[in-house]
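>>> Build me a model:
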Amino acid sequence: MAKTKASAKARGGSAARTATGSAKGSAGSAPPKPRVIVSKAMIARYDALLKAFREARGTEFGGWDAAYEALDSLLHSEPPLYLAGGFKSAKAFLTATLPGVALSTVREGVRVARHFNADDEKKYGVRKLALLLDYLEAESGAQLPRVHIDPARTKVGVGEKRVPFATLNFDEMRDAARRKKSGRGRAGAEAPGVRALRQAFGGSGLGNVAVQCKAERWSLGRIEERQFADLGAALTGYAKNLKKAKP
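Next up, the predicted model:
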């Protein structure tokens, strides 16, 4: 059991240990990766989250959400907390923690729990919400920031219209996500500068903002009121860079 193993080593050995093996390499080998120090605090955090995951798993949807939020922290903290359990990779940790569950299923659950609450997951279903995330990421051109998304207030492009996510069935949401992803892959499908502006937004915590340009008219969408100041600063900075780039 990873938790017992980690705790026993920490309390029976030194106050901290490394989690990548020897730093020495043979002649001609690739440079070793930096060694991660696994401290007592890191082990305690790992133990607490693993306990929370196990206690929440298998209960109602509120428990499912809590379980996958704990997994998110175990996998995506910096450094990854699964190192405190003696695991060298996320795959090794997930294989031991959720045997028989496909890694793609786990990653999908982590994404959904990160952006939606338990009520959303129960009402719309995890798979449909995962498709909404696929759609939003394809639309924004960047990974979504760690923000809560309200699906009841989110609209999806269907043909020439934008319709509420809640009115779409699973097949319609899947088709919308596929079209959005395939549209981003076509050469010339986007106006010059759209991707650059999306990247600028993503680096400013504005990855959820949708950017479109048709016939030299720009439009922004899905902006939250709390983001107004950051959005203004990002646009000002982007405009200054454009001005510098012009001959």
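>>> What ranges does this protein have for its helices?
For the chain, helices defined by DSSP state H occupy the ranges 2-12, 40-56, 61-76, 90-97, 103-115, 118-124, 126-140, 170-185, 194-202, 228-245.
>>> Touching the fifth one from outside, list them.
This points to helix 103-115. Contacts with helix 103-115, where a contact means CB atoms under 8 Å, 6 or more residues apart in numbering, come from 64-65, 67-69, 71-72, 75-76, 91, 94-95, 98, 121, 126-127, 129-130, 133, 144, 146-149. (C-beta placed from N, C-alpha, C; glycine too.)
>>> Just the buried positions in that helix, please.
Residues of helix 103-115 classed as buried by neighbour count (16 or more other CB atoms under 10 Å): 106, 107, 108, 109, 110, 111, 112, 113, 114, 115.
>>> Now it: average pLDDT?
Average pLDDT, helix 103-115: 92.
>>> Show me how far that helix is from its chain's centre.
8 Å (CA atoms, centre = their mean, to the nearest Å).
>>> Okay, angle between that helix and helix 61-76 too, please.
110 degrees (axes from the mean of the first three to the mean of the last three CA atoms, to 10 degrees).
>>> roughly how far apart are residue 77 and residue 242?
Remark: distance between residue 77 and residue 242 (CB to CB, to the nearest Å) = 37 Å.
>>> for residue 98, same thing?
In this view, residue 98 and residue 242 are 47 Å apart by CB to CB.
>>> In terms of neighbours, single out the busier of these two.
residue 98 (17 against 12; other CB atoms under 10 Å).
>>> Give the full set of residues in contact with the more buried one.
Per CB under 8 Å, 6+ apart, neighbours of residue 98: residue 106.
>>> Need the per-residue pLDDT for it.
Here, the pLDDT recorded for residue 98 equals 92.
>>> again, but for residue 19
Reported pLDDT for residue 19: 54.
>>> And for residue 150, the neighbour number?
12.
>>> can you pull the pLDDT of it?
Residue 150 carries a pLDDT value of 94.
>>> The one 4 residues further on now?
At residue 154, the model reports a pLDDT of 93.
>>> Show me the domain layout of this structure.
According to automatic domain parsing, the chain comprises the domains 2-21+29-115, 118-245.
>>> If you average pLDDT over each of those domains, which is lowest?
Note on the domains of the chain: lowest mean pLDDT is at domain 2-21+29-115, with a mean of 79.
>>> so how far is that one off the chain centroid?
16 Å.
>>> before we move on, what about stretch 237-247?
How far stretch 237-247 lies from its chain's middle: 31 Å, per CA atoms, centre = their mean.
>>> And for stretch 221-241?
Relative to the mean C-alpha coordinate of its chain, stretch 221-241 is positioned 22 Å out (CA atoms, centre = their mean).
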